[in-house]
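J.: any chance you can model this:
(2 chains)
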Amino acid sequence: MTTIQMLITIFAVVAGTMLTRFLPFLVFPEGKTPPKYVSWLGTVLPHAVIGLLVVYCLKDAVFSPYHGLPEAAAAGFIFLLHKWKRNTLLSIAGGTVFYMVLVQNFFK
Amino acid sequence: MKQNAFRAALPHTIPIAVGFLFLGMSYGFLMRSKGFSVFYPMLMSFFIFAGSMEFVTVNLLLSAFDPVRGFFLALMVNARHLFYGISMLDKYKNMGWKKFYLIFGMCDESFTINCNVTPPPDVDRGWFMFFVTLLNQIYWVSGATLGALLGYVIRFDTKGIEFVMTALFIVMFLNQWEERKDHRPALTGIGCSLLCLLVFGSERFILPAMALIILCVTYSRKQR
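T.: Residues are numbered from 1 along each chain as shown, chains lettered A, B, ... in the order given. Model prediction:
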């Protein structure tokens, strides 16, 4: 890709991202109450979306040669570390390092 | 008024500061390790300001030129912002010019704080939310820039570093699991996504998964 093509790609991503942020405020301007169903969705969906994001991150791992084995091992490690210390950052950092050690040494 | 709000906002953002510096640095470092100059992570962390999408964009920039795909991928990956927006319609009301920035900078973490924290009564809520958003963005952009700069100096095997994003979401999932008694939304999210991943494949499962999630939670609401 040329620099211009890269900038266009980044601009497209910015435009898509901003649309998701501004759209609700454009559709329901101040003074206009959204339907109850829409407000209710706003309270439930954030919790369901994290599950979707986890799967999104692991989507390519499932179809890889190891079928997600190193990812599953790292997820299990994060689970145990988080149960033990309950420190969000430690769990993220520890899980990432654990995964890096796995894919650099054992799952090449 | 501003000072007051800043002082109230700062402590809430400290955990985010550590996390964003760490994650932002891994992102900047990752971009540098793929051969991008420091200006790319700077630009992208400022304007996109949606962590997961920035990681995804690294791959986009390394594949064939297809901005339309980038646009729709951004819509899908960030579709959760739609739900954030719906939740914040009321809280961002009557904020004047600040409203534009509050919406522009509404990342997961700023949303979480602004949605859940009520500032003390003597603090202006608009400025409080403004500083939460601003501070978080400063942490993120600084982290990304710093990581890319470090990438010029330090060399080590970065294979697997992209797992930092997965780890982030797994931990968010675990935290949420413990905070909430009703696990149905979380299970629905995982279940529907896995099902759609197996049926539609990794390239095009997100939209069907989102549709299925909405159908399932709506159905369970009618049951109650």
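
J.: helix or strand with the lowest mean pLDDT in chain A?
T.: Sorting the helices and strands of chain A by mean pLDDT, DSSP states H and E puts helix A:36-62 at the bottom, at a mean of 80.

J.: for chain B, just list every one of the helices.
T.: Secondary structure of chain B (DSSP state H): helices located at B:2-33, B:39-47, B:51-62, B:67-77, B:80-88, B:98-104, B:108-116, B:125-153, B:163-179, B:184-200, B:206-223.

J.: so for residue A:62, which of those helices sits nearest?
T.: helix B:184-200 (6.8 Å; CB to CB). For glycine as for every other residue, the C-beta is placed from the backbone atoms N, C-alpha and C.

J.: near chain A at all, that closest one?
T.: Yes. Remark: helix B:184-200 sits within contact range of chain A at B:185-194, B:197, by CB under 8 Å from any CB of the partner chain.

J.: one step back: just the helices of chain B: most buried one?
T.: Stretch with highest mean neighbour count among the helices of chain B: helix B:80-88 (a mean of 23; mean count of other CB atoms under 10 Å in any protein chain shown).

J.: tell me which residues are up against that one.
T.: For helix B:80-88, contacts defined as CB atoms under 8 Å, 6 or more residues apart in numbering or on different chains pick out A:17, A:20-25, A:28, A:34, A:38-39, A:41-43, A:45-46, A:49, A:53, B:50, B:102-103, B:106, B:108, B:111, B:114-115.

J.: buried subset of those residues, written for PyMOL?
T.: Buried members of these, defined by 16 or more other CB atoms under 10 Å in any protein chain shown, are picked up in PyMOL with:
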select buried, (chain A and resi 17+20+21+22+23+24+25+28+34+38+41+42+45+46+49+53) or (chain B and resi 50+102+103+106+108+111+114+115)
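
J.: now the end-to-end length of stretch B:82-93.
T.: Length of stretch B:82-93, first residue to last, CA to CA, to the nearest Å: 16 Å.

J.: tell me the mean pLDDT for that stretch?
T.: The predicted model gives stretch B:82-93 an average pLDDT of 85.

J.: for stretch B:102-121, same thing?
T.: 87.

J.: cool, stretch A:12-32 as well?
T.: Averaging pLDDT along stretch A:12-32 gives 92.

J.: got the CA positions of it in CSV?
T.: Written as CSV, here are the backbone C-alpha positions of stretch A:12-32 (Å, rounded to 0.1, in the frame of the first residue of the first chain):
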residue,chain,number,x,y,z
ALA,A,12,-12.4,4.9,6.4
VAL,A,13,-11.8,3.2,9.8
VAL,A,14,-12.2,6.6,11.5
ALA,A,15,-15.4,7.3,9.6
GLY,A,16,-16.9,3.9,10.5
THR,A,17,-15.9,4.3,14.2
MET,A,18,-17.3,7.8,14.5
LEU,A,19,-20.6,6.7,12.8
THR,A,20,-21.1,4.1,15.6
ARG,A,21,-20.4,6.8,18.2
PHE,A,22,-22.5,9.6,16.8
LEU,A,23,-25.5,7.7,15.3
PRO,A,24,-27.6,7.3,18.4
PHE,A,25,-27.3,11.0,19.2
LEU,A,26,-28.3,11.9,15.6
VAL,A,27,-31.2,9.5,15.6
PHE,A,28,-32.4,10.6,19.0
PRO,A,29,-31.6,14.3,19.4
GLU,A,30,-32.1,16.1,22.7
GLY,A,31,-35.8,16.3,23.6
LYS,A,32,-36.7,13.2,21.7
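
J.: that'll do, ta.
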